[in-house]
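Student: I would like to see how this sequence folds:
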Amino acid sequence: MAFCGRLLPLARRTLCSSAAASAAKEASNSYKVALLGAAGGIGQPLGMLMKLNPAIDRLSLYDIMATPGVAADLSHVNTAAKVSGFVGDDQLGEALAGSDLVIIPAGVPRKPGMTRDDLFKINAGIVKGLCEAIAKHCPQALVNVISNPVNSTVPIAAGVFKKAGTYDPRRLFGVTTLDVVRARTFLSEKKGLNPAGVDVPVVGGHAGATILPLFSQAVPKVDLTQAEVEELTKRTQEGGTEVVQAKAGKGSATLSMAYAGALFADACLQGLSGKKDVIQCAYVASQITDLPFFASKVRLGKGGLEEVYDLGPLSDYEQKLLAEMKEQLKCNIDKGIKFGQEN
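Tutor: Take a look at the predicted model:
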C-alpha cells in the first residue's frame, strides 16, 4: 500500500495498490528522508506513513534506542523505500548523510498539567544537538521541526544553523499542520461537512492562544455565529490539551501529529520535485508581522520556502486575537533565541 493521489489543497490522502504506487514512484523524483526520534510515539506512525510515500526511496530512522527494531518492522512493508535504522550519537551522522528532508519529532511528550513551554528545558537541548548534526552532515536538507514548543525550537534551530554558517530560512519549517487539521475537522463536525473538502488557514504560532484559525477564510465559505467562531477557535487552540486529558497521563497527540507531519513532509517533497502551487501553513522566518517568526500560508518549491503570503482580510475578532497573541509569541521566540545565544 502507498499514498496515492493529490486530492485537495494541503494534501488529502487515500491508499492505493502497490502496483499503482510503483508506477507513481517511477514517474516521480526519489528522496532520502531522515526521521529523528523515529522510535517514539509520533516517530513510529510517522515512519509508517513515510514508508508508504512513493516519493521516498531511502528512509533513515534515528533515535537513542530501539530504532533497529522499528526499522526491521517497517522494512517488511512492501513498498519501494529502503529503511535503515540508526541508534546513538555515533550513528547520527550516517543517518543524516545525503538527506533531502529531515523531520524532527524527537523529544519528550506533553503530560497532564504541562504546557508546551514546560517542555522547553528538555526539548530545547535535544533540538539543538540534532540541528548541530544536520548542519554538519546535510546542511542543504529541508528541516521540519515538530518538537515542542515549536514557537521556541524553530528559533533555536535557526540560531544553530547561523552559528554553523549554514542557515537558509527557506529550508527551516516549524510544522503547524496539526492546527490546520484540527480546524478543518472541528468545522466539518460543527456544520456537517465532508472534511475532505474543507480548508481553514491557521496563523500565528503553535501553542495555545498563539494559534489563530481564520474561520472567516474557510473554504467552502461557511456561515458561523460569533459564538460558534469562538467555540471553534478555542477548541482548535486547546486541541492538544484535549488529547492529553483524554489519554489520562499516558501520552499526547501522537497519531494525529504523525498524520499532520506526513502531510507537511509530503508537501515539501512535492515542492522539491517541481510541483507548482504547493501551499501549506507553516511557522517560518517571516516579515509579514513585526515578529521574526510567524505561521501563515506559504508556497513550497524546489528551494524549499518560495513565498510567504500575507494574512489577507481578517474579521474584527481575528484582528483582536492577533493583537493579543503577539506578546506571548514574542516571548516564546525570544526564549528560543536566548537559549541559542547562551548555549
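Student: Sketch out the helices for the stretch 101-250 of the chain, chain order is fine.
Tutor: Taking DSSP state H, counting those that start in this stretch, the helices of the stretch 101-250 of the chain run over residues 120-137, 150-164, 177-191, 226-237, 239-246.
Student: list the buried ones in the second one?
Tutor: By neighbour count, and taking 16 or more other Cβ atoms under 10 Å as the criterion, the buried residues in helix 150-164 are 150-161. Heads up, the C-betas are built off the backbone N, CA and C, glycines and all.
Student: Repeat that for the last one.
Tutor: For helix 239-246, the buried set under the neighbour-count rule, 16+ other Cβ under 10 Å, comprises 239-241, 243-244.
Student: Can you tell me which of those is nearest Tyr283?
Tutor: When those are ranked by distance to Tyr283 (Cβ to Cβ), Gly240 comes first, at 15.0 Å.
Student: Would you check that Ala55 makes contact with Ala80?
Tutor: No. Applying Cβ atoms under 8 Å, one finds Ala55 not in contact with Ala80, separated by 10.2 Å.
Student: Give me the buried positions along stretch 279-288.
Tutor: Buried residues in stretch 279-288 (16+ other Cβ under 10 Å): 279-286.
Student: Comparing Ala55 and Ala80, which residue is more hemmed in?
Tutor: Ala55 (24 against 17; other Cβ atoms under 10 Å).
Student: residues contacting the closest residue to the more buried one other than its chain neighbours?
Tutor: Setting aside the residues directly before and after it, Ala55 is nearest to Leu269 in space (Cβ to Cβ, 6 or more residues apart in numbering), at 4.6 Å. Residues near Leu269 by Cβ atoms under 8 Å, 6 or more residues apart in numbering: 29, 31, 33, 53, 55-56, 100-101.
Student: And Gly301, by the same measure?
Tutor: So Gly301 contacts 271-272, 274, 278 (Cβ under 8 Å, 6+ apart).
Student: Kindly recompute the last result at 7 Å.
Tutor: Residues in contact with Gly301 (Cβ atoms under 7 Å, 6 or more residues apart in numbering) are Gly271.
Student: How about the one 3 residues further on?
Tutor: Under the criterion of Cβ under 7 Å, 6+ apart, the contact partners of Gly304 comprise 142, 170-171.
Student: Could you dump these into TSV and include pLDDT?
Tutor: Formatted as TSV, the contacts of Gly304 follow (pLDDT from 0 to 100):
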residue	pLDDT
Leu142	98
Arg170	98
Arg171	98
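Student: Correct me if wrong: Asp57 contacts Met50.
Tutor: No. Using Cβ atoms under 7 Å, Asp57 is not in contact with Met50, being 11.3 Å away.
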